[in-house]
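A.B. asks: Test case, fold it:
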Amino acid sequence: MRARTWIAGVTTVAALFPAAPALAAPARQWQLAPPVGRAVTATVRLDSAGKLSLQVNRGATVVLNPSALGLRTTAADLTTGLTFTGRADTRISEHYTTAAGRRLVHDADANQTTLHFAKGTNRLDLVVRVASDGVGYRYVLPRTGSVSVTGEASEFAVPTSAKAVLLPYDNGRNDYENMPVHTTVAAAAPVAYGYPSLFHVADSWLLVTESDVNGNYGASRLTLDGTSRRFRLTLPDARETGTGPLSTPWRTMVVGDLATVTESDLVTDLASPSRVADTSWIKAGRSAWSWWSDGTSPRSLDTQKQWVDFAARMGWEYILVDAGWSADWMPTLVTYAHAHHVNVWIWVHFTALDTAAERDAKLPLYSSWGVSGLKIDFIQSDTQDRMRWYDAILAATARNKLMVEFHGCTIPRGTERTWPHLMTSEAVHGAEGIHNKPGRQPYPVDYYTTLPFARNLAGSMDFTPVTFTAVRRNSDAAELALSVVFESGLQNLADSIASYDAHPAAERFLRQVAAAWDDTKLLAGDPDGLAVLARRHGTNWFVGAVTAGTARTVSAPLAFLPAGTWLVDVYVDTPTGIAVRSQRVTSADTLSVPVPDNGGFAAQLCPAMAGATSCS
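C.D. replies: Residues are numbered from 1 along each chain as shown. Presented below is the predicted three-dimensional model:
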């Protein structure tokens, strides 16, 4: 048949008999559950347009409404037009240890499903891991050669009625040192928020963060869309570049009641295994930190020797010498400290270690002095390039057997599993902000009850607590309790020697309290005004309780104790200062402690020995 010709042009047979529109691909759905405790489920959907979404439930409660998935690369837009090509399932059962955290021994148990998708010649794998305490997902680009990611469709459609604790992200400083806000998803400001973000959805809690970030990708954050009220994952760079196959970090959602979320190991469960074979040199501990009470003290060898003497008297493992120390006398100080069974950390600006040549020259030198660890400061970036620096510095310090604390930094993202010598990170508006200096304002008291359920759930947090001379509103016993409530593998205790000596009961507790924990239990809590945590070290348990608001009686059920009789020393506020009250208890008892406005208490529990009247 010949084409029919018109004055306006030529029409072909195809134009006369247009092809029928292509049929849309059928929608698909996969419901994924953990091996045990099947309250948490994840539902992945592929709609007829080839778009992916994820929904998360805890029982009948939808904690995450269907939320977009997918990513964009310079090669293809993999957020739409996807077709399903296959599925693989495996069970993840891992046993591992860390040197710090909510506990030192961990057992991960989860079901992992990899869903394979394609768009033309481009492939995308979605890997979803579901455990009894939450859900993680990541993307894998199986292609080889160069890969360039320009963005993600990833979003978190938390129900708008949910209460939220959010950390406004400071794009200017690139840090995590703003004050968290208590709001709702419906009322939250449409700005960027740093991880972790905490939500209370009906009877459930949801903590959103990420895990297993390395130099393959930048560290992301969330931006709330003011129209849709959905949190969109935001990357720090215009492009994340690398060589395939490329795996993104795990987008991580811890789900459960508040105790489950607080005690969860999901963030470290999702992280890469340890890259340090010999960990015998890695030791958590308490540190005397002179800079907070006397900013000139790091410049003086004699002053630092006094702090060594104090740390030795307290039985603390370390001192931290901040900015101002001299290489001329540091080896002398380390030798003096070792003679007193105290080890030394030193402060370093990150720009002193930002090249391989600097690391190769300085790290062996510090190690030769006998320094135990480095506080590396002013890092302040979440870009992929800075993540590559984190990789390099952690590898180099591990080779030189130097532990690490990061300041002016990003939050930990399971890093303490991969690099167990990372003992703590700042990424918090800590006690540095409440010096006893003119113009300083005390923190809102609910700040202390928020952090155990927000920033500290990302990993060890260097708040530098127990500063009695700070400008503050909480009671002395509540301030002492922060040594338990705030977890940090290097617990830098920041007040002056004179201040601690003026609080003898507090000194007694600080000689006993640990920095490495074998287990953690939430006894009672609400981010708005109450946090009561129990942490175990060996056979002893320590309890820290802090409140915000009016005086009350705080109850701490002791069901976590093993059978038998226990002694408990309770450190409480009195009109003349902190006092210690001791009694015998069992696991059937509840510790009920009256506390003043914005008060709290600290306690130590130990097996009752014949003739003993206290744990000290």
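A.B. asks: switch to C-alpha atoms for all contacts and neighbour counts from now on
C.D. replies: Fine.
A.B. asks: Am I right that Pro273 is in a strand?
C.D. replies: No - according to DSSP: H, G, I helix; E, B strand; the rest coil, the state of Pro273 is coil, so it is not within a strand.
A.B. asks: residue contacts, it?
C.D. replies: Taking CA atoms under 8 Å, 6 or more residues apart in numbering as the criterion, Pro273 is in contact with Tyr96, Arg417, Thr418.
A.B. asks: Closest one of those residues to Leu365?
C.D. replies: Of all these, the one sitting nearest Leu365 is Thr418; the distance, using CA to CA, is 24.9 Å.
A.B. asks: which other helices and strands contact the biggest strand by length in the chain?
C.D. replies: When secondary structure is assigned using DSSP state E, the longest strand within the chain turns out to be strand 134-152. With contacts taken as 3 or more CA pairs under 8 Å, 6 or more residues apart in numbering; DSSP states H and E, strand 134-152 sits against strand 71-73, strand 122-131, strand 231-234, strand 240-247, strand 250-256.
A.B. asks: Show me the one of the ones you listed that comes nearest Asp203.
C.D. replies: Across those, Asp203 has its closest neighbour in strand 250-256 (8.7 Å, CA to CA).
A.B. asks: Report all helices and strands that the very next helix or strand once past the closest one contacts.
C.D. replies: In the C-terminal direction, the helix or strand that comes right after strand 250-256 (DSSP states H and E) is helix 258-263. Helix 258-263 sits against strand 204-211, strand 519-526, with contacts defined as 3+ CA pairs under 8 Å, 6+ apart.
A.B. asks: Each with direction, which strands does the helix or strand that comes right after the last one pair with?
C.D. replies: The element immediately downstream of strand 519-526 (helix or strand, assigned by DSSP H and E) is strand 530-537. The strands beside strand 530-537 in its sheet (DSSP bridges) come out as strand 519-526 (antiparallel), strand 540-547 (antiparallel).
A.B. asks: List of residues touching the last one?
C.D. replies: I take that to be strand 540-547. Outside strand 540-547, the residues that reach it (CA under 8 Å, 6+ apart) are 445-446, 448-449, 478, 481-485, 513, 529-536, 554, 597-607.
A.B. asks: Centre of the chain to that strand, how far?
C.D. replies: In terms of CA atoms, centre = their mean, to the nearest Å, the gap separating the centre of strand 540-547 from the centre of its chain is 20 Å.
A.B. asks: Just the CA atoms of it, as CSV, please.
C.D. replies: Written as CSV, here are the backbone C-alpha positions of strand 540-547 (Å, rounded to 0.1, in the frame of the first residue of the first chain):
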residue,chain,number,x,y,z
ASN,A,540,27.9,-4.0,88.8
TRP,A,541,25.0,-1.9,87.5
PHE,A,542,24.9,1.8,87.4
VAL,A,543,21.7,3.9,87.2
GLY,A,544,21.4,7.5,86.0
ALA,A,545,18.1,9.4,86.3
VAL,A,546,17.4,13.0,85.0
THR,A,547,14.2,14.9,84.9
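A.B. asks: okay, the angle between the very next helix or strand once past that strand and strand 540-547?
C.D. replies: Tracing the chain C-terminally past strand 540-547 and defining elements by DSSP H and E, one meets strand 552-557 next. Between the axis of strand 552-557 and that of strand 540-547 there is an angle of 150 degrees, by axes from the mean of the first three to the mean of the last three CA atoms, to 10 degrees.
A.B. asks: Now the element after strand 552-557, going C-ward?
C.D. replies: Elements were assigned by DSSP H and E; along the chain past strand 552-557, the next helix or strand is strand 566-574.
A.B. asks: Quick check: buried residues in the helix or strand just after that next one?
C.D. replies: As assigned by DSSP H and E, the chain's next helix or strand after strand 566-574 is strand 577-585. By 16 or more other CA atoms under 10 Å, the buried positions in strand 577-585 come out as Gly577, Ile578, Ala579, Val580, Ser582, Arg584, Val585.
A.B. asks: of all those, which two lie farthest apart?
C.D. replies: The distance between the two most remote of the buried residues of strand 577-585 (CA to CA) is 24.7 Å, for Gly577 and Val585.
A.B. asks: Out of the contacts of strand 540-547, which end up buried?
C.D. replies: Buried positions within the contacts of strand 540-547, assessed by neighbour count (16+ other CA under 10 Å), are 445-446, 448-449, 478, 481-485, 513, 529-536, 554, 598-607.
A.B. asks: Which ones among those residues lie within helices?
C.D. replies: Secondary structure from DSSP state H places Asp446, Tyr448, Thr449, Ala478, Ala481, Leu482, Ser483, Val484, Val485 of the buried ones among the contacts of strand 540-547 in helices.
A.B. asks: Now these in CSV, please, with extra columns for distance to Met461 and pLDDT.
C.D. replies: Putting those into CSV (distance: CA to CA, whole Å; pLDDT from 0 to 100) gives the following:
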residue, distance to Met461, pLDDT
Asp446, 17, 96
Tyr448, 13, 98
Thr449, 14, 98
Ala478, 18, 98
Ala481, 15, 98
Leu482, 12, 98
Ser483, 11, 98
Val484, 12, 98
Val485, 11, 98
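A.B. asks: and the residues you listed as TSV, adding distance to Ser496?
C.D. replies: Formatted as TSV, the entries for these read as follows, by distance: CA to CA, whole Å:
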residue	distance to Ser496
Asp446	25
Tyr448	21
Thr449	25
Ala478	18
Ala481	18
Leu482	17
Ser483	16
Val484	19
Val485	21
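A.B. asks: ok, these vs His349, which is closest?
C.D. replies: Within these, proximity to His349 (CA to CA) peaks at Ser483, which comes in at 26.7 Å.
A.B. asks: Enumerate every residue touching the closest one.
C.D. replies: Going by CA under 8 Å, 6+ apart, the list of residues near Ser483 reads Pro465, Val466, Gln491, Leu510, Val513, Gly544.
A.B. asks: quick revisit: only whichever of the contacts of Pro273 are buried, select them in PyMOL.
C.D. replies: In PyMOL, selecting the buried portion of the contacts of Pro273, with burial taken from 16+ other CA under 10 Å, looks like this:
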select buried, resi 417+418
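A.B. asks: Keep only those of the contacts of Pro273 that are in strands.
C.D. replies: Per DSSP E, strands hold the following members of those: Tyr96.
A.B. asks: Switch the contacts of Pro273 over to CSV; also include pLDDT.
C.D. replies: Formatted as CSV, the entries for the contacts of Pro273 read as follows, by pLDDT from 0 to 100:
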residue, pLDDT
Tyr96, 98
Arg417, 98
Thr418, 98
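A.B. asks: out of the contacts of Pro273, who's nearest Met179?
C.D. replies: Sorting these by how near they are to Met179, with CA to CA, puts Arg417 at the top with 27.5 Å.
A.B. asks: re the thing from before, if we only consider the buried residues of strand 577-585, which is nearest to Arg221?
C.D. replies: Ile578 (41.6 Å).
A.B. asks: So for the closest residue in space to that closest one that isn't next to it in sequence, what pLDDT did the model give?
C.D. replies: Spatial nearest neighbour of Ile578, excluding adjacent residues (CA to CA, 6 or more residues apart in numbering): Val572 at 5.4 Å. Val572 carries a pLDDT value of 98.
A.B. asks: ok, now which ones touch Val572?
C.D. replies: Contact criterion CA under 8 Å, 6+ apart gives Ala477, Ile578, Ala579, Val580, Arg581, Val595, Gly600, Phe601, Ala602 as the residues in contact with Val572.
A.B. asks: export those residues to a markdown table and tack on pLDDT and distance to Trp289?
C.D. replies: Supplementary listing: these in a markdown table, determined by pLDDT from 0 to 100; distance: CA to CA, whole Å:
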| residue | pLDDT | distance to Trp289 |
| --- | --- | --- |
| Ala477 | 98 | 21 |
| Ile578 | 98 | 22 |
| Ala579 | 98 | 25 |
| Val580 | 98 | 26 |
| Arg581 | 98 | 29 |
| Val595 | 98 | 29 |
| Gly600 | 98 | 24 |
| Phe601 | 98 | 23 |
| Ala602 | 98 | 22 |
